[in-house]
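Trainee: Mind folding the following:
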Amino acid sequence: MESQAYIDAEIVDLDWILTPITRKKIKDGDYWVDAKISKNSKGDVQVMVLAWNKKEKNKTQLFLATKHERLGFDRSNNHPSEVFTKVNAVFKNSKSSIH
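Mentor: Residues are numbered from 1 along each chain as shown. The predicted structure follows:
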């Protein structure tokens, strides 16, 4: 029923689930979150989450590399533990957490 919304979307394969490359932004009074599925410069699928605490000016950016099953973050921003209580990434063959 929603096929027209994705007619021009590029599709990526996430564990045999065909997923359109997409972006979602969520805002409230205290927090702002921007999440997107995209491809990196090498053409590998990645998930990027940018989260910002507006009151404390803490900002973190997480990257999930699906091909290499790796959870990382941008070290030029705050450590993810300053914005999130806990971050869990569950991949096909492994898990990764930041507390």
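
Trainee: Just checking, which helix or strand of this structure averages the lowest pLDDT?
Mentor: The helix or strand with the lowest mean pLDDT-type score in the chain, counting by mean pLDDT, DSSP states H and E, is strand 17-20 (a mean of 57).

Trainee: Give the next helix or strand downstream of that strand.
Mentor: strand 23-27 (DSSP states H and E).

Trainee: Tell me the helices and strands packed up against that following strand.
Mentor: For strand 23-27, the contact count by 3 or more CB pairs under 8 Å, 6 or more residues apart in numbering; DSSP states H and E identifies strand 31-39 as packing neighbours. (Glycine included, C-beta is placed from N, CA and C.)

Trainee: partner strands of the helix or strand following the strand it packs on, parallel or antiparallel?
Mentor: Next in sequence after strand 31-39, counting helices and strands by DSSP H and E, comes strand 45-53. Next to strand 45-53 in the sheet, as set by DSSP bridges, lie strand 31-39 (antiparallel), strand 58-65 (antiparallel).
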